[in-house]
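J.: What would the 3D arrangement of this be:
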Amino acid sequence: MIPLSARRRGTAATLAVVALAVSAACSSTGSTSAVAASAVPSAAGTSGNTQAACAAEVAINGTDFPGIDPDAPAPSAQELKDFAARIRPTAQSLRSNVPTQLVSQADVLMSVVDRASQGRAFDPEGSGLLAAGRDIDAWMFDHCGYRKLEVTSNDGIFIGLPASVPAGPVAIRFTSRGSAEKSAFVLLFGQVRAGSTATARDIASGQANLEDVADIRAVAQPTSDQPAYTVRNLPAGSYIVSSPLGTPPNFDGGTAAVAFRVS
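T.: Numbers count the residues shown, from 1 in each chain. You can find the predicted model right below:
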């Protein structure tokens, strides 16, 4: 349950993209988001079809949730109702097939869908949607059987990221290590748009903004000492994987960026 809007611009835009996906990072104390390695349910508690749950979560993670972009106009009641009608079958499939230990997290999504079906806006962070989604994605990483991308940033150097992967669903775990000045704030997978000639070097040097030249296909932001998780479908194409370095909003450590291919 990590919705995001694909196109943003500049440093403020990077923060907006992050907020859409993982703003619970700043308020996870006492919430369901403190899952990571210690509280992820085991497969033994599965109450339904694991692959059906995984497919539903990938679809939900690729959905734009109305009202989640702070820079966009507030959605109308009808837009919220239309969104609820579209996503409800997938949300129900997720709830029916997650392990029993994650049903309460899936219920958070169902409550958001119910609220939207009445034409009422929702707060992604205040509702618990983002934190619940992180719990579910952490379990998915271990149990979906998707190709795993286990990436670590060590002072802005990405370790464990291959040069390419086949197109399709991937399970991503991202950990940031090193000094505060060079800490990777969030991992962004940007699919370079047709006609763009921007390179990873352009992004790293500040000559181009990732959100101006690429569609963001996946976002993973660690929380304090815990890794970030997400499951996403990556379409074929040329990518730039990037992260601002340092502390927001200035990111004085610069930007890390590398080329990546999905074939």
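
J.: Do me a favour and get the backbone dihedrals for Phe158.
T.: For Phe158, the backbone dihedrals (degrees, to the nearest 10) come out as phi -80, psi 120.

J.: What residues are recorded as beta-bridge partners of it?
T.: The partner list for Phe158 in beta bridges (DSSP bridges) reads Ser153.

J.: What distance do you get for it to Val151?
T.: Going from Phe158 to Val151 by C-beta to C-beta, to the nearest Å gives 6 Å. Glycine gets a C-beta too; all of them are placed from N, C-alpha and C.

J.: Which one's more surrounded, these two?
T.: More neighbours surround Val151 than the other of Phe158 and Val151, with 23 against 19 (other C-beta atoms under 10 Å).

J.: Next up, the contacts around the more buried one.
T.: Shown in contact with Val151 (C-beta atoms under 8 Å, 6 or more residues apart in numbering): 158-161, 172-175, 187, 220, 241.

J.: What segments of the stretch 51-200 of the chain are strands?
T.: In the stretch 51-200 of the chain, the segments counted as strands under DSSP state E, counting those that start in this stretch are 147-154, 157-159, 164-165, 168-177, 187-192.

J.: quick one, which of those strands is packed in tightest?
T.: Most buried of the strands of the stretch 51-200 of the chain, by mean neighbour count (mean count of other C-beta atoms under 10 Å): strand 187-192, with a mean of 25.

J.: Now the helix or strand just after that strand: buried residues?
T.: Using DSSP states H and E, the next helix or strand after strand 187-192 towards the C-terminus is helix 200-205. Of the residues in helix 200-205, 200, 202-204 count as buried by neighbour count, 16 or more other C-beta atoms under 10 Å.

J.: Run the chain-centre distance for helix 200-205.
T.: 22 Å (C-alpha atoms, centre = their mean, to the nearest Å).

J.: Test for you: state the pLDDT assigned to Arg7.
T.: You'll see Arg7 listed with a pLDDT of 32.

J.: for this structure, what's the longest helix?
T.: Scanning the chain for the longest helix, with DSSP state H as the assignment, gives helix 77-97.

J.: where are the low-confidence patches of this protein?
T.: Within the chain, the segments meeting pLDDT under 70 span 1-47, 224.

J.: Relative to Gln92, how far out is the residue nearest the centre of it?
T.: By C-alpha atoms, centre = their mean, the chain has its centre lying nearest to Val219, at 3.8 Å. Here Val219 is placed at a distance of 25 Å from Gln92 (C-beta to C-beta).

J.: what's the answer for Asp114, then?
T.: On the measure of C-beta to C-beta, Asp114 and Gln92 end up 11 Å apart.

J.: what do you get for Gly156?
T.: Distance check for Gly156 against Gln92: by C-beta to C-beta, it reads 42 Å.
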